[in-house]
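In: could you look at this predicted model? Sequence included:
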Amino acid sequence: MKRAGLSLAVAGMVATIAVGAALWPHARDAFAILAAQDEPSELADLRINSALRNNPALVAENIEAALAAGDADLAGSFAELARDKNIAISEALSTRVNDAVTDANSTSHFAKRFAVGLVTGNAEDVASLSGTVAGDLFVFGDIRDVVRESKHLAMGEDTDHLVLGLATVGLAVTAATYVSVGGALPVRAGLTMVKDARKVGRLGEGLMLWAGRSAREVVDGPMLQKAVASGSVLRPGATVSAIKAAFRAEKAGALVRLAKDVGRVGEKAGTRGALDTLRIAEGPKDIARAARLAESKGGQTRAILKLLGRGALLLAAGAFNLSLWVFSALLALFGFLSSIKAITERATMAYLRRKKARRQREQAAAAALLPGPALAGAATCG
């Protein structure tokens, strides 16, 4: 029975070693991800590396898909990610990416998209955003949006309060842009991108609800209706002055911070990177994390967002599963240490029992060698 107890402890140790060896890679990765959960760049690196280990052809497949969809910017982002991760792509594929990017950045293409952005106010790339921002800087775009949405409001029709609020904030920021000689331009661009993302339905639901609530607080509805009633796109100076009177500057801080972060993403990751971020974000904290990611990863940001989605910005629901891996590894470690303790105790007890039994045998052998009278004397003295 005693020997069986020691054997059982040894078997337990072997079993915990086997379980621990199986759990260790998962627990190590889980612990690293949990430790990096507040650092978007490190978190994205860990998850991208894991995805590439599971599928080395992932980058090439996504480049092909982006080229097939006519998205040269995304293809270029994946090519940059491949260079950063030392992933080889074929020379033919690399040439196709370069040709597509060159064509997308050509003068004729840029001019056409600039005009579309200026007239329609919708941005999908750098060129169209440049046109949209130009329209907003000359207050044409923002006045157009304020007048349109305010008239909907006055007539009891469906009103996009988010576009209305963003355009109103934009007018104030545009004035600050001129005063600071471009110092507020990233905020101006950020407001334009949020507004455009809303127009084309590329604003995440959670972010849209938050921004909508914030935008309602920025605008004094009755005062704005009065301003619009006498305003016109053809009289921008008078219209802007009247609209600004309905602007509650003290309520605009949250929207301005959001726009600033969106502008930071746009500066580092491009217009489409900013629009992709707005599509997956659930709130301003996601945008702030995306800005930190873009400042670290630059042109790779779109590829990272394409592969990981919102998981590039935070752990979300995966935190429980990751914690479970770490907890399981700790249980295996506890089992291993318990087995070591049990083996040590049983081995020590076995050693002490053998030592005691040997001493008893030696004493018995010594007693047997003593002569009879001496033994009797020893007994009497005892």
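Out: In hand now; what should we look at? Numbering: from 1, shown residues only.
In: not counting sequence-adjacent ones, nearest residue to A72?
Out: Among residues not flanking A72 along the chain, A100 sits closest, at 3.7 Å (C-beta to C-beta, 6 or more residues apart in numbering). For the C-beta atoms, the positions are set from N, CA and C on the backbone; glycine is no exception.
In: give me every residue that touches that neighbour.
Out: Taking C-beta atoms under 8 Å, 6 or more residues apart in numbering, we find A100 in contact with L67, A72, A75, G76.
In: pull out the buried residues from stretch 77-90.
Out: Going by neighbour count (16 or more other C-beta atoms under 10 Å), the buried part of stretch 77-90 is S77, F78, A79, E80, L81, A82, I87, I89.
In: what sits up against it?
Out: 48-49, 52, 56, 59-60, 62-63, 66, 94, 97, 273, 298-304, 306.
In: ok, now with 6 Å
Out: V59, A60, N62, I63, V97, G299, Q300, R302, A303 (C-beta atoms under 6 Å, 6 or more residues apart in numbering).
In: okay, the residues you listed in JSON lines with neighbour count, secondary structure and pLDDT next?
Out: Output for the contacts of stretch 77-90, formatted as JSON lines (neighbours: other C-beta atoms under 10 Å; DSSP: H, G, I helix; E, B strand; the rest coil; pLDDT from 0 to 100):
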{"residue": "V59", "neighbour count": "24", "secondary structure": "helix", "pLDDT": "93"}
{"residue": "A60", "neighbour count": "17", "secondary structure": "helix", "pLDDT": "93"}
{"residue": "N62", "neighbour count": "19", "secondary structure": "helix", "pLDDT": "94"}
{"residue": "I63", "neighbour count": "26", "secondary structure": "helix", "pLDDT": "94"}
{"residue": "V97", "neighbour count": "22", "secondary structure": "helix", "pLDDT": "93"}
{"residue": "G299", "neighbour count": "20", "secondary structure": "helix", "pLDDT": "90"}
{"residue": "Q300", "neighbour count": "26", "secondary structure": "helix", "pLDDT": "94"}
{"residue": "R302", "neighbour count": "28", "secondary structure": "helix", "pLDDT": "94"}
{"residue": "A303", "neighbour count": "29", "secondary structure": "helix", "pLDDT": "94"}
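In: before we move on, the earlier item: wait, which of the buried residues of stretch 77-90 is closest to R248?
Out: Within the buried residues of stretch 77-90, the smallest distance to R248 is 38.8 Å, found for S77 (C-beta to C-beta).
In: how about the CA coordinates for the strand or helix carrying that closest one, as PDB?
Out: S77 belongs to helix 72-84 when elements are defined using DSSP states H and E. Extracted C-alpha coordinates of helix 72-84, given in PDB (Å, rounded to 0.1, in the frame of the first residue of the first chain):
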ATOM      1  CA  ALA A  72      -5.500  49.400 -54.300                       C
ATOM      2  CA  ASP A  73      -5.100  51.100 -50.900                       C
ATOM      3  CA  LEU A  74      -6.000  48.000 -49.000                       C
ATOM      4  CA  ALA A  75      -3.700  45.900 -51.200                       C
ATOM      5  CA  GLY A  76      -0.900  48.300 -50.500                       C
ATOM      6  CA  SER A  77      -1.600  48.100 -46.800                       C
ATOM      7  CA  PHE A  78      -1.300  44.300 -46.900                       C
ATOM      8  CA  ALA A  79       2.000  44.600 -48.900                       C
ATOM      9  CA  GLU A  80       3.400  46.900 -46.200                       C
ATOM     10  CA  LEU A  81       2.300  44.400 -43.500                       C
ATOM     11  CA  ALA A  82       4.100  41.600 -45.400                       C
ATOM     12  CA  ARG A  83       7.300  43.600 -45.500                       C
ATOM     13  CA  ASP A  84       7.100  44.400 -41.700                       C
END
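In: re earlier: from the contacts of A100, which two are the most distant?
Out: Farthest pair in the contacts of A100, by C-beta to C-beta: L67 and G76, 10.1 Å.
In: okay, those two: which has more neighbours?
Out: A count of neighbours by other C-beta atoms under 10 Å puts G76 above the other of L67 and G76, at 23 against 18.
In: picking that back up, list just the nearest of the buried residues of stretch 77-90 to L258.
Out: S77 (23.4 Å).
In: just the closest of the buried residues of stretch 77-90 to G141, please.
Out: Of the buried residues of stretch 77-90, the one sitting nearest to G141 (C-beta to C-beta) turns out to be S77, at 27.9 Å.
In: measure the closest one to A350 for me?
Out: Distance, S77 to A350, by C-beta to C-beta, to the nearest Å: 66 Å.
In: likewise for A51?
Out: 52 Å.
In: before we move on, back to that, wait, which of the contacts of A100 is closest to S41?
Out: Of all the contacts of A100, S41 sits closest to G76, with 19.8 Å by C-beta to C-beta.
In: thought that closest one was touching D103?
Out: No. Using C-beta atoms under 6 Å, G76 is not in contact with D103; the gap is 11.7 Å.
In: residues in contact with L278?
Out: A197, L203.
In: measure how the helix or strand containing it sits relative to helix 72-84, angle-wise.
Out: Assessed by DSSP H and E, L278 sits inside helix 271-280. Put simply, helix 271-280 runs at 90 degrees to helix 72-84, going by axes from the mean of the first three to the mean of the last three C-alpha atoms, to 10 degrees.
In: after helix 271-280, heading C-terminal, what element do we hit next?
Out: With DSSP H and E, the next secondary element past helix 271-280 is helix 284-297.
In: buried residues, that following helix. List them.
Out: 284, 286-297.
In: for it, packing partners?
Out: helix 40-54, helix 253-269 (3 or more C-beta pairs under 6 Å, 6 or more residues apart in numbering; DSSP states H and E).
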